[in-house]
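In: coords please:
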Amino acid sequence: MRTRRFEWEGAAATATALRDWATGAAPAVDVGPIAREVRQDGDEAVKRLTARFDATEAASPPLRVDFEQAQEALAALEPELRGAMDVAIENIRAVAEAQLDAEETRVELPQDQAVTIRRVTVASAGIYAPGGKAAYPSSVLMCAVPARATGVERLVLASPPGRDGSLSPQVLAAAALCGIEEIYAMGGAQAIFALAYGTETVAPVDVVVGPGNAWVREAKRAVSGQVGIDSLAGPSELMLVAGHDTDPEWAALDLCAQAEHGADSPLVAVAVEEHVLEAIAAATEVAAASRPSVADAPLGLVQVPELEAAIELANAYAPEHLELLEQDAVLMAERVRTAGCVFAGRFGATAFGDYVAGSNHVLPTGGAGRFSGPLGPGAFRRKIATVELSAAAAADLAPQADALARAEGFPVHGESAMIRR
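Out: I've put the predicted structure just below:
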């Protein structure tokens, strides 16, 4: 762990220092050249870039994966893993369905008019499941289950292939379990651009969702507007607020678990008591040293003057995951405004949310929790407004529309309204 101690300078200043430190060592990410290659060369660019960045050694592997491979992978899945996926799907679906709003909202207004807002599901969605050092079947479930609950007809999965050019059997099995028949072996920024712009083989989608590294995050930022995106979900983050009775070993394992995502996953431990912070730091170093899967991630340590300051820091920092390992964690959680997902209480390890708790693990990172939240049904729905005006309503509202139109320098707007008076 790359551990650093931060002095308390107030919530805003300390949060800024933490963000600057965690991201300052990250390489600059420019996805523009990748976008130009994909738009210009289509399939060939996607294959070329995927081979380069994912170190695929297979000779020109096909871009699209036959759905039969996913069905075979599902049939060969170990019963224990299949059971875990079934539990995860059941919980994710229950939480997603509970978020579905009424299909239609109608407002009757005094001028004898009505405005109706309909919620319409998008026709297609692209799902990105990360790959590379590890496979993420859980990301397939987190994205596909809410999309299915919302009624998306066409689901498309993109995931980086391994060195032999094939996709992870676990990822394929998860795709089969969710009924995703359109699967592509492509990763990174080029996969996001292919889903957004389309190629000879890949038809473009309406929405792109899913987590990824900094390149995937920046590609999603670049295509936002061309397609919808869920959020800017980049490298995993965890802020942990420890109390006087927090078990240092539990806290250390929670921090190390998120460090398994890579060296660019920032971790923050916060406590009021100095000895608590020191105990967690020491336990984390020991745990990380004996676990090869734990990357050399940055760990920031912050001593705050009081628990209220810890909440202020969390709101200023807007972490992806926030663990409140305090006795009054539920009450504290009510004052959190910006975290992607809050885990309240000593048993609420982030790992549960990553897999089976039912909450979604596709969450805003890099401070994006200030304006976005977890992936859910809303990412796959758009609103359509229908306006109904009677003759009386048109006559009543025309002068007001005309006055506003003329004030903005659009007199014909006013004429269009006034002719109906």
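In: Now Gly126: closest residue in space that isn't a chain neighbour?
Out: Of all residues not flanking Gly126 in the chain, Leu195 sits nearest, at 3.6 Å (CB to CB, 6 or more residues apart in numbering). For the C-beta atoms, the positions are set from N, CA and C on the backbone; glycine is no exception.
In: pLDDT weak spots in the protein?
Out: Within the chain, the stretches with pLDDT under 70 are 25-27, 55, 57-59, 133.
In: And it, what are its domain boundaries?
Out: What automatic domain parsing lists as the domains of the chain is 2-27+235-370, 32-108+124-230, 390-418.
In: In TSV, list those along with mean neighbour count.
Out: TSV is the format used below for the domains of the chain (neighbours: other CB atoms under 10 Å):
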stretch	mean neighbour count
domain 2-27+235-370	19
domain 32-108+124-230	20
domain 390-418	14
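In: Select, out of those domains, the one closest to Ala379.
Out: Ala379 lies closest to domain 32-108+124-230 among those, at 4.4 Å (CB to CB).
In: mind listing the helices for the stretch 151-300 of the chain?
Out: 169-177, 188-197, 214-223, 248-259, 274-289 (DSSP state H, counting those that start in this stretch).
In: Pipe the ones you listed into a markdown table and attach distance to Ala395 per row.
Out: Formatted as a markdown table, the helices of the stretch 151-300 of the chain follow (distance: least, CB to CB, whole Å):
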| stretch | distance to Ala395 |
| --- | --- |
| helix 169-177 | 57 |
| helix 188-197 | 46 |
| helix 214-223 | 45 |
| helix 248-259 | 62 |
| helix 274-289 | 70 |
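In: looking at those helices, which is closest to Met1?
Out: Nearest of these (CB to CB): helix 274-289, 5.1 Å.
In: ok, back up a step: check whether the residue nearest to Gly126 really touches Val202, as I assumed.
Out: Yes - at 6.6 Å, Leu195 and Val202 qualify as touching, with contact defined as CB atoms under 8 Å.
In: any residues in contact with both of those two?
Out: Residues touching both Leu195 and Val202 by CB atoms under 8 Å, 6 or more residues apart in numbering: Val156.
In: Looking at the helices of the stretch 151-300 of the chain, spot the one closest to Asp206.
Out: Closest of the helices of the stretch 151-300 of the chain to Asp206 is helix 188-197, at 9.7 Å (criterion: CB to CB).
In: now that closest one against helix 214-223, angle please.
Out: Calculated by axes from the mean of the first three to the mean of the last three CA atoms, to 10 degrees, helix 188-197 forms an angle of 30 degrees with helix 214-223.
In: which outside residues touch helix 188-197?
Out: Helix 188-197 is contacted by residues 31, 34-35, 37-39, 45-46, 49-50, 53-54, 126, 128, 156, 158-160, 184, 186, 202, 204-205, 208, 212-213, 215-216, 218-220, 222-223, 226-227 when judged by CB under 8 Å, 6+ apart.
In: I'd like to know which of the helices of the stretch 151-300 of the chain is closest to Leu267.
Out: Of the helices of the stretch 151-300 of the chain, nearest to Leu267 by CB to CB is helix 248-259, at 4.9 Å.
In: Remind me what the closest one packs against, helices and strands.
Out: Contact here means 3 or more CB pairs under 8 Å, 6 or more residues apart in numbering; DSSP states H and E; on that basis helix 248-259 packs against strand 238-242, strand 267-271, helix 274-289, strand 321-325, helix 350-355.
In: Next, the angle from that helix to strand 238-242.
Out: Helix 248-259 and strand 238-242 are oriented at 170 degrees to each other (the same axes, to 10 degrees).
In: What lies in contact with helix 248-259?
Out: When contacts are defined by CB under 8 Å, 6+ apart, helix 248-259 is touched by residues 1, 236-238, 240, 242, 265, 267, 269, 276, 279-280, 282-284, 286-288, 291, 294-297, 299, 321, 323, 325, 346, 349-351.
In: any idea which helix is longest in this protein?
Out: Longest among the helix segments of the chain by residue count, using DSSP state H, is helix 79-98.
In: Tell me which helix or strand comes right after the host helix or strand of Leu331.
Out: Per DSSP states H and E: Leu331 is located in helix 329-333. Note on helix 329-333: by DSSP H and E, the next helix or strand toward the C-terminus is strand 341-344.
In: Pull out the CA atoms of that following strand and give them to me as CSV.
Out: C-alpha atoms of strand 341-344 as CSV (Å, rounded to 0.1, in the frame of the first residue of the first chain):
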residue,chain,number,x,y,z
CYS,A,341,-23.4,3.4,-2.1
VAL,A,342,-23.4,3.6,1.7
PHE,A,343,-22.7,0.5,3.8
ALA,A,344,-24.1,1.1,7.2
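In: Packing partners of that strand?
Out: Judged by 3+ CB pairs under 8 Å, 6+ apart, the packing partners of strand 341-344 are strand 321-325, helix 329-333, helix 350-355.
In: any chance of those in TSV, with distance to Arg381 too?
Out: Shown next, in TSV, are these (distance: least, CB to CB, whole Å):
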stretch	distance to Arg381
strand 321-325	26
helix 329-333	27
helix 350-355	23
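In: of all the ones you listed, which lies closest to Pro61?
Out: Going by CB to CB, the one of those nearest Pro61 is helix 350-355, 29.4 Å.
In: Now do the closest one: distance to the chain's middle.
Out: 14 Å (CA atoms, centre = their mean, to the nearest Å).
In: just to revisit the earlier point, which residues sit against the helix holding Leu331?
Out: Residues contacting helix 329-333 (CB under 8 Å, 6+ apart): Val241, Leu307, Ile311, Leu324, Glu326, Val342, Ala344, Gly345, Arg346, Gly348.
In: got the CA positions of it in PDB?
Out: The C-alpha coordinates for helix 329-333 follow below in PDB (Å, rounded to 0.1, in the frame of the first residue of the first chain):
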ATOM      1  CA  ALA A 329     -24.200   4.100  11.200                       C
ATOM      2  CA  VAL A 330     -27.800   4.100  10.100                       C
ATOM      3  CA  LEU A 331     -28.400   7.500  11.500                       C
ATOM      4  CA  MET A 332     -25.100   8.700  10.000                       C
ATOM      5  CA  ALA A 333     -26.100   7.300   6.600                       C
END
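In: I am finished for the moment; much appreciated.
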